[in-house]
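*Asks:* model this:
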Amino acid sequence: VFSLGHAGFIALGAYTSALLTLSPQQKEMTFLIEKLIWPLNSIQIPFFWATIIAGLVAALFAFFIGWPSLRLTGDYFAIATLGFSEIIRIFALNLNSITNGALGLKALPDHTSVWWAWGWLLVTVACVMSLSYSSFGRALRAIREDRVAAQAMGINVFKHQLTAFVLGGFFAGISGSLYGHWLSTIDPRTNTFGILLTFNVLIMIVLGGLGSITGAIIGAALFAFLSEWLRFLEGPMNLFGFKIMGISGMRMLVFSGLFVIIMIFWP
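*Replies:* This is a model prediction of the structure:
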């Protein structure tokens, strides 16, 4: 299932976790245009449970998006999920009584740590590996190789794809919770949860190799390293005695070129 909607699920997870962990006093000071709706205005729960609920909310949205959208195939499904991601961004900008609109959410509790990140990574890898070696995982591989043949063998293609899509939404919501608390600020006016985030996820997967759990982890590590190492491209530099001003976005240009090269020449 080729989805371009993960930025939307990550945003859902970030907003859900933020609203559940901010104290009622902070919410009262943050929501100035419109008051936060009940019961969110009086709820504050521990970070762990907020993260679980964030994943469940994202999974619920994934179910309602996937149910009609998975009737589509190929690029049409990808475009539908991309549209969903953009709808979430627009809603975040305008739902003042839930997301605080364009003002966003500030001063989120600093809960995300290395231990939280590694812990959830281990949980995610364990879940994905157990699914991969189960009958469900084998059915998904059969669908990936030949959808028509898998259906002819009695595999319920729609059911398996929808389940995989919902599980992907759940873990995207978990990552959104961690990401939001790591940033400590959720600002919908920036491109934090825009198409660029989805593109970054695609680059990580392609760098490490499609269909590989180890490859996805290596790809994410490579992307994190290269995105920091290539920062010099966006700052002023001397080239053959000439001073060149930095150009914003050069790192993404490099990643785009790398993405195209890998897709063309990777076996």
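*Asks:* give me the neighbour count for Gly235.
*Replies:* 12 (other Cβ atoms under 10 Å). Quick note: C-beta positions are derived from backbone N, CA and C, even for glycine.
*Asks:* domain ranges for the protein?
*Replies:* 6-193, 194-267 (automatic domain parsing).
*Asks:* so how far is the first one from its chain's centroid?
*Replies:* Put plainly, it is domain 6-193. 7 Å (Cα atoms, centre = their mean, to the nearest Å).
*Asks:* same question for stretch 222-238.
*Replies:* 23 Å.
*Asks:* and what of stretch 192-212?
*Replies:* 9 Å.
*Asks:* which secondary structure elements does whichever strand or helix holds Leu93 sit against?
*Replies:* Per DSSP states H and E, Leu93 falls inside helix 75-94. Applying 3 or more Cβ pairs under 8 Å, 6 or more residues apart in numbering; DSSP states H and E, we find helix 75-94 packed against helix 6-21, helix 47-69, helix 96-99, helix 195-208.
*Asks:* which stretches of the protein have low pLDDT?
*Replies:* Scanning the chain for pLDDT under 70 picks out the ranges 239-242, 246, 266-267.
*Asks:* please identify the most buried of the domains of the chain.
*Replies:* domain 6-193 (a mean of 18; mean count of other Cβ atoms under 10 Å).
*Asks:* quick one: the strands in the stretch 151-267 of the chain, in order.
*Replies:* 237-239, 242-244 (DSSP state E, counting those that start in this stretch).
*Asks:* tilt between the longest helix seen in the chain and helix 75-94?
*Replies:* With secondary structure taken from DSSP state H, the chain has its longest helix at helix 157-183. Counting by axes from the mean of the first three to the mean of the last three Cα atoms, to 10 degrees, helix 157-183 points 40 degrees away from the direction of helix 75-94.
*Asks:* quick one on the thing from earlier: among the helices and strands packed on helix 75-94, which comes closest to Gly154?
*Replies:* helix 47-69 (21.6 Å; Cβ to Cβ).
*Asks:* what inclination does the closest one have with respect to helix 75-94?
*Replies:* 130 degrees.
*Asks:* I'd like the numbering to begin with 35 instead of 1 from here.
*Replies:* Shifting the count to begin at 35 puts that one at helix 81-103.
*Asks:* now helix 81-103 and helix 40-55, what's the angle there?
*Replies:* Using the same axes, to 10 degrees: helix 81-103 against helix 40-55 is 140 degrees.
*Asks:* just checking, what packs against helix 81-103?
*Replies:* helix 40-55, helix 109-128, helix 191-217.
*Asks:* with adjacent residues omitted, what lies nearest to Ile229?
*Replies:* Ala41 (6.6 Å; Cβ to Cβ, 6 or more residues apart in numbering).
*Asks:* ok, back up a step: outside of the helix holding Leu127 itself, list whatever touches it.
*Replies:* 35-42, 45-46, 49, 99, 103-104, 106, 133, 135-136, 222-223, 227-229, 232 (Cβ atoms under 8 Å, 6 or more residues apart in numbering).
*Asks:* mind doing that once more with 6 Å?
*Replies:* 36-39, 41-42, 45, 99, 103, 106, 133, 136, 222 (Cβ atoms under 6 Å, 6 or more residues apart in numbering).
*Asks:* equivalent analysis for stretch 65-73, please.
*Replies:* 61, 130-131, 134.
*Asks:* one step back: turn the contacts of helix 109-128 into a markdown table, including distance to Ala84.
*Replies:* Listed next are the contacts of helix 109-128 as a markdown table, based on distance: Cβ to Cβ, whole Å:
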| residue | distance to Ala84 |
| --- | --- |
| Phe36 | 30 |
| Ser37 | 24 |
| Leu38 | 27 |
| Gly39 | 22 |
| Ala41 | 20 |
| Gly42 | 19 |
| Ala45 | 15 |
| Ile99 | 22 |
| Ser103 | 28 |
| Leu106 | 33 |
| Thr133 | 16 |
| Ala136 | 24 |
| Pro222 | 20 |
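*Asks:* and the gap between Ser119 and Leu38?
*Replies:* Using Cβ to Cβ, to the nearest Å, Ser119 is found at 7 Å from Leu38.
*Asks:* quick one: list the elements packing against the helix or strand hosting Phe170.
*Replies:* Assigned by DSSP H and E, Phe170 belongs to helix 169-179. On a contact count with 3 or more Cβ pairs under 6 Å, 6 or more residues apart in numbering; DSSP states H and E, helix 169-179 meets helix 191-217.
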